[in-house]
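Student: The following block contains a protein sequence and its predicted model.
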Amino acid sequence: MTTHLKLKPLLAITLACTLSLLSACGFHLRGELDVSDAKQQLSVQEEQADPTLRRALKRALMDNGISRDSAATYHLTILDTRFSRDSISLDSNARVDEYSLTLKVDFELREVAKNLREAQSTTIEQVYTYDADAAAAKDEQEALLRQEMYDAVATRILRSYLAFDQAQ
C-alpha cells in the first residue's frame, strides 16, 4: 500500500513535465492554427459555395476562434465551387475500377484598409478503387472522402487567409 502512495506523486510530476514539454514544443491539435488578433474577425460571402463547403468552412473558423463579422477588415468571397467524379480506369469486363474525385474552389481575399485583393484557387484530387460487388461500402467510402476533401479545402482557405497580406 505504501508503494502505491509513493507512485502517485511521481506519476503526477511525470504527467506535468510531459504536458509542459508538449506545450513548449509548439504542439497543436490537428487543424488548429495560430490566429493573430488582427485576424480574429472575417467577413464571409459564400453564396457560390455548396452546403458541404459552407459547413466545413464554418467549422474551421469556429475551431480556430475566428468569428464571422460583416464589418470585418478582411473579406473572404467564395467565387465558385466545382466537384467532379470521373472514371479513370476500367477492369477486364469494361466496368469502372477506379474513380477520381476532384474539388476545385475559387475564392477571393480582400483587406479593406490597404485596398489589397487576391484571387486564389485550390484543388484537391482523390483516387479510389471501386468494386461493383460492394457498392454500398464504396458509396460510404466516397461520402467520407468527399467530406475529408471539403474539410481539407476549408483548412487551405483558412491558411491562405492567415498568410494573406503578410508578403505585401
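Tutor: That came through, no problem.

Student: List the buried residues for the lengthiest helix in the chain?
Tutor: Ranked by residue count and defined by DSSP state H, the top helix of the chain is helix 135-163. Residues of helix 135-163 classed as buried: 138, 142, 145-146, 149-158, 161-162 (neighbour count, 16 or more other Cβ atoms under 10 Å). (C-beta placed from N, C-alpha, C; glycine too.)

Student: I'd like the distance from that helix to the chain centre, please.
Tutor: Here the centre of helix 135-163 is set off from its chain's centre by 7 Å, with Cα atoms, centre = their mean, to the nearest Å.

Student: what helices or strands is it leaning on?
Tutor: Helix 135-163 sits against helix 51-63, strand 74-90, strand 96-111, strand 116-129, with contacts defined as 3 or more Cβ pairs under 8 Å, 6 or more residues apart in numbering; DSSP states H and E.

Student: again, only using 10 Å
Tutor: Packed against helix 135-163 by the contact rule (3 or more Cβ pairs under 10 Å, 6 or more residues apart in numbering; DSSP states H and E) you find strand 41-45, helix 51-63, strand 74-90, strand 96-111, strand 116-129.

Student: okay, the angle between it and strand 74-90?
Tutor: When axes from the mean of the first three to the mean of the last three Cα atoms, to 10 degrees is applied, the directions of helix 135-163 and strand 74-90 differ by 150 degrees.

Student: average pLDDT for helix 135-163?
Tutor: In this model, helix 135-163 carries a mean pLDDT of 89.

Student: Next, the angle from that helix to strand 41-45.
Tutor: Using the same axes, to 10 degrees: helix 135-163 against strand 41-45 is 130 degrees.

Student: I am finished for the moment; much appreciated.
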